[in-house]
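In: Got a predicted model here, sequence first, then my questions.
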Amino acid sequence: MNAVHNVMEAAVEDLLDQQWENLSISCHCETCKLDVYALSLNRLKPHYVRDQSGRMYAKASLMTTQARATILTAITESAKVVSAYPHH
Ligand SMILES: [Zn+2]
């Protein structure tokens, strides 16, 4: 079933990459980054689309100011959790 994609994954990845260096977190290694990524996705509603054109459209709709604020909040909260309980 590779025909559907959760575009929220790409949106979180983009924002996480942009904000990672500024994020207040105890460790900036790749493991902690992936932990923040996974935790953030668990906090956010998935946004599935079926094909490539829907993917571009949905990604754009996830980049509105409101959507970015929601995603950033999830990333910030997840960074706090990973800082408190690092997996290594
Ligand atoms: Zn780390």
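Out: Looks like it arrived, so ask away.
In: Report the buried residues of stretch 41-58.
Out: Residues of stretch 41-58 classed as buried under the neighbour-count rule (16 or more other Cβ atoms under 10 Å) are 41, 43-44, 47, 49, 55, 58. For the C-beta atoms, the positions are set from N, CA and C on the backbone; glycine is no exception.
In: which residues does the residue sitting nearest the centre point of the chain contact?
Out: In the chain, the centroid-proximal residue (Cα atoms, centre = their mean) is Val12; its distance is 2.3 Å. Val12 makes contact with 37, 40-41, 44, 71, 74-75, according to Cβ atoms under 8 Å, 6 or more residues apart in numbering.
In: Any idea how far the lengthiest helix in the chain is from the middle of the chain?
Out: Using DSSP state H, we find that the single longest helix of the chain is helix 65-84. Helix 65-84 sits 8 Å away from the centroid of its parent chain (Cα atoms, centre = their mean, to the nearest Å).
In: Over to stretch 42-60?
Out: On Cα atoms, centre = their mean, the centre of stretch 42-60 falls 12 Å from that of its chain.
In: what's the farthest-apart pair in the buried residues of stretch 41-58?
Out: Spatial extent of these (Cβ to Cβ) is set by the pair Arg43 and Arg55 at 21.6 Å.
In: So which helix or strand of this structure has the lowest pLDDT on average?
Out: Lowest by mean pLDDT, DSSP states H and E among the helices and strands of the chain is helix 52-61, with a mean of 77.
In: thinking again about what came up before, relative to the ion, which of the buried residues of stretch 41-58 is nearest.
Out: For those, the minimum distance to the ion (Cβ to the ion) is 18.2 Å, reached by Leu41.
In: So what's the predicted local confidence for that closest one?
Out: Per-residue pLDDT puts Leu41 at 98.
In: Is the host helix or strand of it positioned near the ion?
Out: Here Leu41 sits within helix 30-43, counting by DSSP states H and E. Yes - using Cβ under 5 Å from the ion, helix 30-43 reaches the ion at 31-32.
In: so what does that helix touch, helix or strand wise?
Out: The contact analysis (3 or more Cβ pairs under 8 Å, 6 or more residues apart in numbering; DSSP states H and E) places helix 30-43 against helix 7-19, helix 65-84.
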